[in-house]
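Engineer: Provided below are the primary sequence and the corresponding predicted coordinates.
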Amino acid sequence: MTQKQKTEWYLGIDLGTGSCKSVVIDAESRLLGFGAQAYSSTENKGHGEQEPEELIHAMVRSVRIAIEAAGVSADACQALSIGGAYHSLIAMDRSDAPLTGVMTWVDDRATKQAREIRESHGVEAVYRQSGCPVHGMYPLYKIIWLREERPEIFSRAVRFISAKEYVIKRLTGEYLVDFGIAGGTALLNTHSLEWDAQSLDLAGIRSSQLSSLASPRQVLKGLNSELAGQMGIPQETPLVLGSADAVNSSLGAGAVKWGQATCMIGTSGAFRILAPRVMLDAKARSWCYAIDEGHWLVGGAINNGGLALTWLQNAFNQMLQSQAKDARLSIDEVIASASQVRPGADGLICLPFFAGERSPYWNMNARGVFFGLSLDHDARHLARSLMEGVAYRLRSIRDTLDDLGVEVSEIRASGGFTHSDLWPQIIASVLNHDLVIPANGETSSLGAAFWALLGSGVVERFEDLQPLVAITKTYKPQSQDAELYDSLYRIYMDLYFQLGKSFDQISGILKLP
């Protein structure tokens, strides 16, 4: 039997949209073990829901895998912390049972409600107080949707919580929410860090129907004995409340100082910074989510990151499998095909709005476009132009931060796109800035573990986390490519604005019975 290590260790758990990932680290941030467990979700015709209990099962399984991989002794666990995906919602009844599934950020059933708020109250009213642009992904609008479209559920709901809050309740018996998760609901006042009266009024709920607000450093003791036993950790292990997945991703990437940005491409994508104050855009293009009393997450997110490339992969495979049942291209093979094409995809430009658009223009009706196709283009050009189109999306957020007066000194990468060489190089050239790759790509779960360090007093400040993040590679912009991309980006932006009316028209046609 293998001897268990007595090394003191810390546990970070990331409740993502598609899976739960867990890491075991020591006090110097050395990765000792990693575990992941996927959970299914329903994403059909605008529905994006998860089964709440699947979150618990996936968490238990991923933690056990990570601990087993680390080979550590259970009683040496010093603390754990949990990160959760932004913008989820569950309605709960009087007996603390879910009335709904977990409505994820993908769920767009509240699009109509957001549009009506935009038209009746304007963007400014909600954005200036909450830091959240008007969009149906935010729980504020999902609650309005439940009130209008599912009154039988809304009338029975005594509480509205996120996926992370559900797990925290199961683990500790308390309804608590950190400022980060709360900041992504459009229900929190980003200035006062209290539930916002105006947003509560719009939702038609009381503050007592929301969890108690708390600092991400708050430490809870006394875990549910059954769940602690299933995970393989002591019941008395301290739980540091922690923050949201995007906050944790920036911490885990080491982008913790003013001017350091994180560029992320996973299923979706984002470009963000940690700011020492509230920063709002005059045009409401970016969001500003509270983290704690002295930090805010400022930036923007895009719907179409790896999701867009997966769409193209599936389209290719449908054609291949019509000829041979077992024929299939992997994502790596799609990217490899794109590498065979010159930068700029020989004049082919992709507007990758396959799942609509979030930042910076929050256009719910945007659609995907390939512009400039000719007989000289083939499937490889489609792949290259799509990857470049996602990079243009990230540049549009970077431009917004420039307008806010943010001077970006360093850009750190996170997400699955770092597994390739091509996409990071494209990003570096499109942004015309070095792109730094951290050694540990699981930045969200690592960032959750960092909260365990912060809450335990091992680390005092965010800035002290940076030396704990090793760097493996830096992609530098290619000057000739950067110049070409700058010209194509301007055409891309012109196309976007010229197609605005057409986006609305095609959206209207698609909604016809």
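Structural biologist: Done, it's in.

Engineer: can we go C-alpha only for contacts and neighbour counts from here?
Structural biologist: OK.

Engineer: now Gly16: closest residue in space, sequence neighbours ignored.
Structural biologist: Ala85 (5.4 Å; Cα to Cα, 6 or more residues apart in numbering).

Engineer: what sits against that neighbour?
Structural biologist: Leu15, Gly16, Thr17, Ala163, Lys164, Ile181, Ala244, Asp245, Ala246 (Cα atoms under 8 Å, 6 or more residues apart in numbering).

Engineer: same question for Asp346.
Structural biologist: By Cα under 8 Å, 6+ apart, the residues touching Asp346 are His377, His381.

Engineer: Gly83 now?
Structural biologist: 12-15, 164, 242-245, 248, 444-445, 448.

Engineer: one more time with 10 Å
Structural biologist: Taking Cα atoms under 10 Å, 6 or more residues apart in numbering, we find Gly83 in contact with 12-16, 20-21, 163-164, 178, 180-181, 241-249, 444-449, 451.

Engineer: related to what we said a few turns ago, buried subset of the contacts of Ala85?
Structural biologist: Leu15, Gly16, Thr17, Ala163, Lys164, Ile181, Ala244, Asp245, Ala246 (16 or more other Cα atoms under 10 Å).

Engineer: coming back round to it: among the contacts of Gly83, which ones are in helices?
Structural biologist: Among the contacts of Gly83, the members falling in helices (DSSP state H) are 163-164, 180-181, 245-249, 444-449, 451.

Engineer: give the burial count for Leu80, as a bare number.
Structural biologist: Leu80: 28 surrounding residues under other Cα atoms under 10 Å.

Engineer: let's have the chain start at 32 instead
Structural biologist: With the count now opening at 32, the last piece we talked about shows up as Leu111.

Engineer: dihedrals phi and psi, it?
Structural biologist: phi -140, psi 160 (degrees, to the nearest 10).

Engineer: repeat for Leu254
Structural biologist: phi -80, psi 160.

Engineer: of the contacts of Ala116, closest to Ala397?
Structural biologist: Distance to Ala397 across these (Cα to Cα) is lowest for Thr48, with 22.8 Å.

Engineer: give the closest residue to that closest one in space, chain neighbours not counted.
Structural biologist: In space, Thr48 is closest to Ala116, 6.3 Å off (Cα to Cα, 6+ apart).

Engineer: check what pLDDT that neighbour gets.
Structural biologist: On pLDDT, Ala116 comes in at 95.

Engineer: any idea how far it is from Ile366?
Structural biologist: 27 Å (Cα to Cα, to the nearest Å).

Engineer: lowest-confidence one in the buried ones among the contacts of Ala116?
Structural biologist: pLDDT across those is lowest for Thr48, at 84.

Engineer: touching, that one and Asp138? I think so.
Structural biologist: No: counting by Cα atoms under 10 Å, Thr48 does not reach Asp138; the two are 11.4 Å apart.

Engineer: SS state for Arg429?
Structural biologist: State at Arg429, reduced to three classes by DSSP: H, G, I helix; E, B strand; the rest coil: helix.

Engineer: who's in contact with it?
Structural biologist: Here Arg429 is in contact with 292, 294, 301-303, 317, 330-331, 391, 423, 435, 437, 439, 462 (Cα under 10 Å, 6+ apart).

Engineer: out of these, who's the most crowded?
Structural biologist: Tallying neighbours with other Cα under 10 Å puts Ser317 at the head of those, with 30 neighbours.

Engineer: how about that residue, what does it touch?
Structural biologist: Applying Cα under 10 Å, 6+ apart, the residues near Ser317 are 158, 162-164, 302-303, 310-311, 329-332, 389-393, 428-429, 431-432, 435.

Engineer: pretty sure Asn334 contacts Arg398?
Structural biologist: No: no contact is recorded between Asn334 and Arg398 when judged using Cα under 10 Å, the distance being 11.5 Å.

Engineer: spit out the residues that contact the two alike.
Structural biologist: Pro383, Phe384, Phe385, Ala386, Gly387, Glu388.

Engineer: the fourth one reaches Thr298, doesn't it?
Structural biologist: Read that as Ala386. No: the pair Ala386 / Thr298 is not scored as a contact, 11.2 Å apart, by Cα under 10 Å.

Engineer: shared neighbours, those two?
Structural biologist: Common contact partners of Ala386 and Thr298 (Cα under 10 Å, 6+ apart): Ile333, Asn334, Asn335, Gly336, Leu338, Ala339.

Engineer: the third one: what secondary structure?
Structural biologist: Under three-state DSSP, Asn335 falls in the coil class.

Engineer: where's it relative to Gly325, distance?
Structural biologist: Between Asn335 and Gly325 the computed distance is 31 Å (Cα to Cα).

Engineer: so where's this structure shaky on pLDDT?
Structural biologist: Along the chain, the model assigns pLDDT under 70 to residues 32-36, 72-78, 543-544.

Engineer: quick one: neighbours of the residue nearest to Ser239 when sequence neighbours are not counted, just the number.
Structural biologist: Distances taken as Cα to Cα, 6+ apart put Arg190 closest to Ser239, at 7.8 Å, once the chain neighbours are dropped. As a burial measure, Arg190 scores 21 neighbours (other Cα under 10 Å).

Engineer: Arg190 is in contact with Leu207, isn't it?
Structural biologist: No: here Arg190 lies out of contact with Leu207, judged by Cα under 10 Å, at a distance of 11.9 Å.

Engineer: now for these two: what residues contact both?
Structural biologist: Shared contacts of Arg190 and Leu207, defined by Cα under 10 Å, 6+ apart, comprise Leu241, Ser242.

Engineer: which residues touch Leu62?
Structural biologist: By Cα under 10 Å, 6+ apart, the residues touching Leu62 are Trp40, Tyr41, Val54, Val55, Ile56, Ala101, Asn471, Leu477.

Engineer: the residue lying closest to Gly403 once chain neighbours are set aside: neighbour count?
Structural biologist: Counting by Cα to Cα, 6+ apart, Leu379 is the residue found nearest to Gly403 once chain neighbours are left out, at 4.9 Å. Neighbourhood size, Leu379 [other Cα under 10 Å]: 20.

Engineer: and the gap between Leu379 and Glu419?
Structural biologist: Computed as Cα to Cα, the Leu379 to Glu419 distance reads 10 Å.

Engineer: same check on Asp45?
Structural biologist: Distance, Asp45 to Glu419, using Cα to Cα: 29 Å.

Engineer: those two: who's more crowded?
Structural biologist: Asp45 (32 against 28).

Engineer: leaving out the residues flanking it, which one is nearest to Val154?
Structural biologist: Val165 (6.0 Å).

Engineer: check the secondary structure at Ala58 for me.
Structural biologist: Following three-state DSSP, the label given to Ala58 is coil.

Engineer: please name the nearest non-neighbouring residue to Ser60.
Structural biologist: Among residues not flanking Ser60 along the chain, Leu499 sits closest, at 5.8 Å (Cα to Cα, 6+ apart).

Engineer: wait, what's in contact with the one you found?
Structural biologist: By Cα under 10 Å, 6+ apart, the neighbours of Leu499 are Ala58, Glu59, Ser60, Arg61, Gly283, Ala284, Gly285, Phe481.
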